[in-house]
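# Mind folding the following:
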Amino acid sequence: MENKEKSILPPKGTDGRYKDIMLLHIQGLVLVLVLIIALASSFSILGRTIISMAMDSFGGSISSDDFSMVFDIYGLGGMAEIGLKIFSAVTGALGVLSYVAAFVSLAAAIFIIFRMKQRISDIVDDSAPYENPIRVKKAPFVWLGFLLGAYGGHLFVLKKKKAWIFLLLGVLGMELIPLFLYTSGISFADAFMACFIEKDEEGYIEMEDYPYWI
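Residues are numbered from 1 along each chain as shown. The predicted structure is shown next:
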């Protein structure tokens, strides 16, 4: 077990449930990256909208002619006109790019979630016995995985030492985005998978105690 826990991926040639969980984790990582792109694009659109509304609130009192007049005073009228045209072209292109990125990333996120659901079905329907079965309360595992999984919340429910490493990575991830992306992607995949595992009368689910990092 110790050797497995030090491994990033399952050994080459691994098949079955372990391979499916690995692929599910990779899909979770890609999903978080796509959602970050969607969020950044949405904020860009929101920012442009707020700036546009602020400019409109001046009632058109400021125009490009006003800027040109100021530059003409200093003998830079031609440069002002060229600069304004370049600025307008760049901001227009960025606006279009923001909308395209937002819609494409949202469509990609929906597609990835659909593929993750298919992968989870393969994991849940696998008739092979668990290699390292573990029982855990479904509700706290799922909620902590979605809400605090980036900080190892769901792993604390499992009482795993890895939870402390996830907590450290999550805190450092507030400055180093790739670390937060990693912990968020893995925890989302685990919590999403747990949603589709049936619980027993006591509210517990049985799942594979996956020992690898991805």
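
# Where in the chain is the helix or strand with the lowest mean pLDDT?
Using mean pLDDT, DSSP states H and E, the weakest-scoring helix or strand in the chain turns out to be helix 2-5, at a mean of 49.

# What is the subsequent helix or strand relative to that helix?
Next helix or strand after helix 2-5 toward the C-terminus (DSSP states H and E): helix 17-56.

# Which strands or helices does that next one pack on?
If contacts are counted by 3 or more Cβ pairs under 8 Å, 6 or more residues apart in numbering; DSSP states H and E, helix 17-56 sits against helix 77-125, helix 177-194, strand 204-208. (C-beta placed from N, C-alpha, C; glycine too.)

# Worst mean pLDDT among those?
Among those, helix 77-125 carries the lowest mean pLDDT, a mean of 81.

# that older thread, out of the helices and strands packed on helix 17-56, deepest packed?
Most buried of the helices and strands packed on helix 17-56, by mean neighbour count (mean count of other Cβ atoms under 10 Å): helix 177-194, with a mean of 22.

# check contacts around residue 157.
Neighbouring residues of residue 157 by Cβ atoms under 8 Å, 6 or more residues apart in numbering: 136, 137, 140, 141, 144.

# Please apply the same query to residue 174.
Residue 174 is in contact with residue 180, counting by Cβ under 8 Å, 6+ apart.

# isn't there a strand covering it?
No: counting by DSSP: H, G, I helix; E, B strand; the rest coil, residue 174 is not part of a strand but coil.

# quick one: pLDDT of it?
88.

# Residue 184 versus that one, what's the distance?
In this view, residue 174 and residue 184 are 12 Å apart by Cβ to Cβ, to the nearest Å.

# Can you give me the distance of the most centrally placed residue in the chain to residue 24?
For the chain, the residue nearest the mean C-alpha position is residue 32 (1.7 Å; Cα atoms, centre = their mean). Distance, residue 32 to residue 24, using Cβ to Cβ: 13 Å.

# what touches both of the two?
In contact with both residue 32 and residue 24: no residue, using Cβ under 8 Å, 6+ apart.

# got the phi/psi numbers for residue 199?
Note on residue 199: its backbone torsions stand at phi -90, psi 160 [degrees, to the nearest 10].

# Provide a list of residues in contact with residue 38.
Listed by Cβ under 8 Å, 6+ apart, the contact set of residue 38 reads 101, 102, 105, 106, 109.

# 7 Å instead, please
By Cβ atoms under 7 Å, 6 or more residues apart in numbering, the residues touching residue 38 are 102, 105, 106, 109.

# same thing with residue 167?
Counting by Cβ under 7 Å, 6+ apart, residue 167 makes contact with 151, 152.

# Look at it and tell me its secondary structure.
Under the three-state scheme (three-state DSSP), residue 167 adopts helix.

# Please determine how far it is located from residue 145.
14 Å.

# one step back: tabulate the helices and strands packed on helix 17-56 in TSV, adding columns for distance to residue 214.
Shown next, in TSV, are those (distance: least, Cβ to Cβ, whole Å):
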stretch	distance to residue 214
helix 77-125	14
helix 177-194	7
strand 204-208	14
